[in-house]
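Visitor: following is a predicted model, sequence given first.
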Amino acid sequence: MDNYEVNVLTRKGGWKKLPQEVVSSEDELKLNSSENLNINVTDDPMDDRQSEDINNNLFENFTEINKIINKLKSVENEKNVLINELNNLMKDFEIRKNSLDKKLINIQKEKEMYDKAINLIISLKSV
């Protein structure tokens, strides 16, 4: 257990490497017999330059996110316009289909009338 490394997460989000303390053999025996390990953590202040880089990067990320959101909104608007166009086409098709349905019904009725007339003629001939 002579060589070990302890990293601690600081409150500011960075990692702090704790120094390895050299322990004499008597102290080592005391540490081995003790279940508690006392570690002194000193606050590692971030330097201003690193803090500025993180802030600039954060603002750039928010700007990129905003651009993506705007693109998504424009795509959503285009999608809505296309859906409206499809709805208009569907209405036109439904009108045409209904017109054809009426024509088919009329043709079927006319066909039935001819069938009845033919049947009447056949029955009159057989009398």
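Guide: Thanks, I have it. Residues are numbered from 1 along each chain as shown.
Visitor: so how far is stretch 97-116 from its chain's centroid?
Guide: Relative to its parent chain, stretch 97-116 has a centroid offset of 52 Å by C-alpha atoms, centre = their mean, to the nearest Å.
Visitor: what does that stretch rub up against?
Guide: The contact list for stretch 97-116, computed with C-beta atoms under 8 Å, 6 or more residues apart in numbering, is empty. Just so you know, the C-beta spots here come from the backbone N, C-alpha and C atoms, and that holds for glycine as well.
Visitor: okay, and the residue nearest the centre of the chain sits in which element?
Guide: With distances taken as C-alpha atoms, centre = their mean, the residue of the chain nearest its centroid is Leu72 (11.5 Å). Per DSSP states H and E: Leu72 is located in helix 48-126.
Visitor: from the chain's centre, how far out does that helix sit?
Guide: For helix 48-126, the distance to the chain centre is 25 Å (C-alpha atoms, centre = their mean).
Visitor: what number of residues lie near Leu9?
Guide: Around Leu9 there are 9 other residues, counting by other C-beta atoms under 10 Å.
Visitor: roughly how far apart are the residue lying closest to Val8 once chain neighbours are set aside and Asn57?
Guide: Spatial nearest neighbour of Val8, excluding adjacent residues (C-beta to C-beta, 6 or more residues apart in numbering): Lys16 at 4.9 Å. For Lys16, the distance to Asn57 equals 21 Å [C-beta to C-beta, to the nearest Å].
Visitor: between the two, which one's more packed in?
Guide: Lys16 (14 against 10).
Visitor: just the pLDDT for Ile69.
Guide: For Ile69, the pLDDT comes out at 95.
Visitor: and the gap between it and Glu76?
Guide: Counting by C-beta to C-beta, the gap from Ile69 to Glu76 is 10 Å.
Visitor: just the CA atoms of stretch 99-117, as PDB, please.
Guide: C-alpha atoms of stretch 99-117 as PDB (Å, rounded to 0.1, in the frame of the first residue of the first chain):
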ATOM      1  CA  SER A  99     -68.100  12.100 -57.700                       C
ATOM      2  CA  LEU A 100     -67.000   8.700 -59.200                       C
ATOM      3  CA  ASP A 101     -69.000   6.900 -56.500                       C
ATOM      4  CA  LYS A 102     -72.200   8.700 -57.500                       C
ATOM      5  CA  LYS A 103     -71.500   7.900 -61.200                       C
ATOM      6  CA  LEU A 104     -70.900   4.200 -60.300                       C
ATOM      7  CA  ILE A 105     -74.200   4.100 -58.400                       C
ATOM      8  CA  ASN A 106     -76.000   5.600 -61.300                       C
ATOM      9  CA  ILE A 107     -74.400   3.200 -63.700                       C
ATOM     10  CA  GLN A 108     -75.300   0.300 -61.500                       C
ATOM     11  CA  LYS A 109     -78.900   1.400 -61.300                       C
ATOM     12  CA  GLU A 110     -79.000   1.800 -65.100                       C
ATOM     13  CA  LYS A 111     -77.500  -1.700 -65.500                       C
ATOM     14  CA  GLU A 112     -80.200  -3.100 -63.100                       C
ATOM     15  CA  MET A 113     -82.900  -1.400 -65.200                       C
ATOM     16  CA  TYR A 114     -81.500  -3.000 -68.400                       C
ATOM     17  CA  ASP A 115     -81.300  -6.400 -66.700                       C
ATOM     18  CA  LYS A 116     -85.000  -6.000 -65.600                       C
ATOM     19  CA  ALA A 117     -86.000  -4.900 -69.100                       C
END
